[in-house]
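Student: Starting from these lines, generate the structure:
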Amino acid sequence: MVCVQCQQQAYDWRRNFQKTANAVVLQERTARLADDTLTASERSEHGVNRWLKHAMLAGGEAMWGDPDIRVPGNARKQLQSKYVLQVVAYHLASTIGSVMPDSEEQYPVGALALAAAAVQRAFEWYLHDQPRGIKQGHFSTANVAGLTSYWRNSAVAELLDTPHRFDRLLESATLLIDAASVRTKPCRSQIAAASMYTRERSSSPAPPM
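Tutor: You can find the predicted model right below:
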């Protein structure tokens, strides 16, 4: 029973990557439709679809913090778009208090690859399938393992080669977390672990007088 509960939490944690990505892309899409600082063409359905398409181009704002689709080589801050950062912030918030560090010098490598995959799928869904009433596929291993591996072995791997950029990404994502509002529901094993733990003394107590 305990194992099943923890497995369900792991499934929900993974599924929420996609839910978070969908929410942040939808928020931007909705804002653009109502933004009277944009031209009538830009804030039309056609204009918003054009924005979705351009965001997914090389150097586009889906993945880049400083995008440049005209000269993609000039784009900066890969995987630091506000969409990816929001999903990474979700991950960081949901793992506050975790005692299980990620691999690769404790960088959240797998989570960042999942975030990139979720953001890509969100943009694709709102551009192609959501307008036609087609449901989005589940964010399951069967559906996203290949895509997640692609991001892990490309953009995420490049960040691991430049740790200062990975650090900057994490700092930016952390700023998006409202730690006071984070509420996590531990499984029973986590509750039991808390009752088993006690801090070990740093030195032996003084002998009784």
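
Student: contacts, neighbours, all on C-alpha from now
Tutor: Noted.

Student: wait, residue 111 sits on residue 89?
Tutor: No: taking contacts as Cα atoms under 8 Å, residue 111 lies outside contact range of residue 89: 10.2 Å.

Student: who's more crowded, those two?
Tutor: residue 89 (23 against 20; other Cα atoms under 10 Å).

Student: Helix, strand or coil: sort out that one for me.
Tutor: At residue 89, secondary structure determined by DSSP: H, G, I helix; E, B strand; the rest coil is helix.

Student: Grab the nearest non-local neighbour of it.
Tutor: Sequence neighbours aside, residue 173 is the residue nearest to residue 89 in space, at 4.9 Å (criterion: Cα to Cα, 6 or more residues apart in numbering).

Student: try residue 38
Tutor: residue 32 (7.6 Å).

Student: Just the strands from the chain, written as ranges.
Tutor: 64-66, 76-78 (DSSP state E).

Student: Of those strands, which is nearest residue 20?
Tutor: strand 64-66 (17.8 Å; Cα to Cα).

Student: And that closest one, what does it pack against?
Tutor: strand 76-78 (3 or more Cα pairs under 8 Å, 6 or more residues apart in numbering; DSSP states H and E).

Student: Direction included, what does the strand it packs on pair against?
Tutor: strand 64-66 (antiparallel) (DSSP bridges).

Student: what's the offset of the partner strand from the middle of its chain?
Tutor: Relative to the centre of its chain, strand 64-66 is centred 15 Å away, using Cα atoms, centre = their mean, to the nearest Å.

Student: buried residues in stretch 145-155?
Tutor: 147-148, 150-152, 155 (16 or more other Cα atoms under 10 Å).

Student: Check those and tell me the two furthest apart.
Tutor: 147 and 155 (12.0 Å).

Student: Closest to the mean position in this protein, which residue would that be?
Tutor: Residue closest to the mean C-alpha point of the chain, counted by Cα atoms, centre = their mean, is residue 87 at 2.6 Å.

Student: Which residues are in contact with residue 140?
Tutor: Residue 140 makes contact with residue 15, according to Cα atoms under 8 Å, 6 or more residues apart in numbering.

Student: out of the buried residues of stretch 145-155, which one sits closest to residue 131?
Tutor: residue 147 (23.0 Å).

Student: Is it correct that the closest one is in contact with residue 117?
Tutor: Yes: under the criterion of Cα under 8 Å, residue 147 lies in contact with residue 117, with a separation of 6.1 Å.

Student: what about residue 42, distance to residue 51?
Tutor: Plainly put, residue 42 is 8 Å away from residue 51 if you go by Cα to Cα, to the nearest Å.

Student: Format the buried residues of stretch 145-155 as CSV; extra columns: distance to residue 131.
Tutor: Converted to CSV, the buried residues of stretch 145-155 look like this (distance: Cα to Cα, whole Å):
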residue, distance to residue 131
147, 23
148, 25
150, 27
151, 27
152, 30
155, 30
